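In: one predicted model, sequence on top.
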Amino acid sequence: MKYACRYLLRDLLTLVSVVAAGVVQGQPTPPTVSTLAANAVGAANATLNGTANPWGAPTWGWFEWGTTTNYGNITAAQALGSGSSQTNFSRVIGGLSSGVSYHFRALASNSVVGATGADLLFTNGPFLVANVVFFDDFESGTMSNWTTTVNSPLYPVTYENVVPPSPAGMWSVEMDRSTNRMHHNLIADNGGVELTGHTVFTAWICDFDVPQARIFNEVRGYAGGSGWPNGGTNASGQLAQLLAIGKYNAVTLPGEVWKSTNYQGRVTFGANTGWFNLDAAGAPNRSAGWHRFDIERRPDGTTLNFFVDGILSRTITGAINEPWDTVMLGSGVGVTFDEAYIDGIAVSVMQPRLFIERQGSAVRISWPRPSPGFVLDVSASVTGGWSQVSFPYTTNADISITVPAPTGARFYRLRRP
């Protein structure tokens, strides 16, 4: 009997040791995994990092990522081996938007059980800076920057009892009927040339009157001419692109059904043309008060993002890439007599942000990709004497050049020739 007890005790100790090792009837121990900080964050890419311990069983690791903790994106799994020590793993992700915060976490699993690391966050940018070409907040109390296009002008007003001040200031302009329209030519503001490349049009609109069915603003481009002139009432050239954003009472994009709860946008020339709803997931609904509207033309010139209150509400591809030359204030159509208000008109050219760092006896100057059309200049004085720096080399994350550290002051700039 004592021998049976001895063997039973031996078997129990063996079972305890097996349980302590994490294996019962051949089941492997769950891996442990930790999410590590992202690095090599560029204009459109980032490297996600994690570490896991397989605990002796073949294990795979991967990442989930996205703009919320619902993630929505999964990277391909990669083999981490079957060792019993920490194994680092990484994955490069792409297609990111500048200035957006992204959540991510590392995961690992063997053939039976898995584990999840903590949620971490990184922000992609901002890697671009806005060079504001034109801005009018109407704080001058005049319409001196604008020319009446058709019908009747808009009027500068201070805020009324029912209309609070806009985020742009105490003054705004009143559109008292849907036929009001004025224009401003951008060419003189942009050094005598039309606006090309990565550009953004911004306008604030306040609409308290439900009957005002049309309140929107436009940015245009004319081929073979310079658009609507300041002080003139006849456009030069042929209209080649018209983009609009705000509120409209119909949609004309094929397959689209008008939604009264959403705002609308318009593209006039390209593969997808007409009025359409700004109804992407998360897009704000119509509501009384001030709202910010942005049209972003991406660097390729053919992709357009429409934003409401800073939220991406629609993307249109295949647009005709025509340089911008004219901004239109007010809708200029219809016969509705009701007030709406406009403020904070801005047109900006987005430029890559320069990063400069000392590396021993050298200086590294870099800027994020993509940045087509820009060259790097250097000068000993910020007021002049600029010359182009030759032969930058590229990396996966950015465009950079390393030069010997100067003995005196040096200034660098990005310039679009």
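Out: Okay, I see it.

In: report the beta-bridge partners for residue 350.
Out: Judged by DSSP bridges, the bridge partners of residue 350 are residue 130.

In: tell me the confidence at it?
Out: Per-residue pLDDT puts residue 350 at 83.

In: based on its surroundings, how many neighbours for it?
Out: Residues contacting residue 350 under the criterion other CB atoms under 10 Å number 21. Backbone N, C-alpha and C define where each C-beta goes, glycine included.

In: my guess is it meets residue 196, correct?
Out: No: assessed by CB atoms under 8 Å, residue 350 is found out of contact with residue 196, at 11.6 Å.

In: tell me, please, where in the stretch 251-400 of the chain the pLDDT is lower than the cut-off.
Out: Filtered on pLDDT under 70, the stretch 251-400 of the chain yields the residue ranges 334-338, 368-373, 391-398.

In: try 80
Out: Counting by pLDDT under 80, the low-confidence segments of the stretch 251-400 of the chain come to 332-339, 351-361, 363-364, 366-375, 382-384, 389-400.

In: cool, and the stretch 1-150 of the chain?
Out: When residues are selected by pLDDT under 80, those of the stretch 1-150 of the chain lie in 1-27, 39-45, 97-101, 123-130, 150.

In: in it, which spans are strands?
Out: Along the stretch 1-150 of the chain, the segments classed as strands by DSSP state E, counting those that start in this stretch run 32-39, 46-53, 59-66, 73-74, 78-81, 87-93, 100-109, 114-116, 120-124, 128-136, 147-150.

In: in a markdown table, list those along with mean neighbour count.
Out: Putting the strands of the stretch 1-150 of the chain into a markdown table (neighbours: other CB atoms under 10 Å) gives the following:
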| stretch | mean neighbour count |
| --- | --- |
| strand 32-39 | 17 |
| strand 46-53 | 22 |
| strand 59-66 | 22 |
| strand 73-74 | 12 |
| strand 78-81 | 16 |
| strand 87-93 | 17 |
| strand 100-109 | 20 |
| strand 114-116 | 15 |
| strand 120-124 | 16 |
| strand 128-136 | 16 |
| strand 147-150 | 17 |
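
In: save those strands as a markdown table, and put in distance to residue 274 too.
Out: Listed next are the strands of the stretch 1-150 of the chain as a markdown table, based on distance: least, CB to CB, whole Å:
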| stretch | distance to residue 274 |
| --- | --- |
| strand 32-39 | 40 |
| strand 46-53 | 36 |
| strand 59-66 | 31 |
| strand 73-74 | 31 |
| strand 78-81 | 45 |
| strand 87-93 | 34 |
| strand 100-109 | 28 |
| strand 114-116 | 45 |
| strand 120-124 | 32 |
| strand 128-136 | 27 |
| strand 147-150 | 22 |
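
In: of the ones you listed, which is nearest residue 272?
Out: Closest to residue 272 of these is strand 100-109 (CB to CB; 24.0 Å).

In: who touches residue 59 in this structure?
Out: Counting by CB atoms under 8 Å, 6 or more residues apart in numbering, residue 59 makes contact with 31, 52, 79-82, 87, 108-110.

In: let's see that with 6 Å instead.
Out: 31, 80, 108, 110 (CB atoms under 6 Å, 6 or more residues apart in numbering).

In: do residue 402 as well
Out: For residue 402, the contacting residues are 362, 364, by CB under 6 Å, 6+ apart.

In: hey, what's it bridged with?
Out: Going by DSSP bridges, residue 402 forms beta bridges with residue 364.

In: residue 46 now?
Out: Here residue 46 sits in beta bridges with residue 93, going by DSSP bridges.

In: residue 213 in helix, strand or coil?
Out: For residue 213, the secondary-structure state derived from DSSP: H, G, I helix; E, B strand; the rest coil is coil.

In: any idea how far residue 250 is from it?
Out: Residue 213 sits 9 Å away from residue 250, going by CB to CB, to the nearest Å.

In: with neighbour numbers in mind, choose between these two.
Out: Applying other CB under 10 Å to residue 213 and residue 250 shows that residue 213 carries more neighbours, namely 17 against 11.

In: doesn't residue 299 fall inside a strand?
Out: No: counting by three-state DSSP, residue 299 is located in no strand; its state is coil.

In: residue 198 is in contact with that one, correct?
Out: Yes: at 4.5 Å, residue 299 counts as touching residue 198 under the criterion of CB atoms under 6 Å.

In: who has more neighbours out of those two?
Out: Each of residue 299 and residue 198 has its neighbours counted (other CB under 10 Å); residue 198 has more, 23 against 17.

In: all helices of the chain, in order?
Out: Secondary structure of the chain (DSSP state H): helices at 2-20.

In: could you list the domains of it?
Out: Structural domains annotated on the chain: 22-124, 128-351, 353-415, as defined by automatic domain parsing.

In: need the distance between the two termini of the last one.
Out: From the first residue to the last, domain 353-415 extends over 11 Å; the measure is CA to CA, to the nearest Å.

In: numbering from 53 from now on, please.
Out: Yes, from this point I'll number from 53; that puts the last item at domain 405-467.
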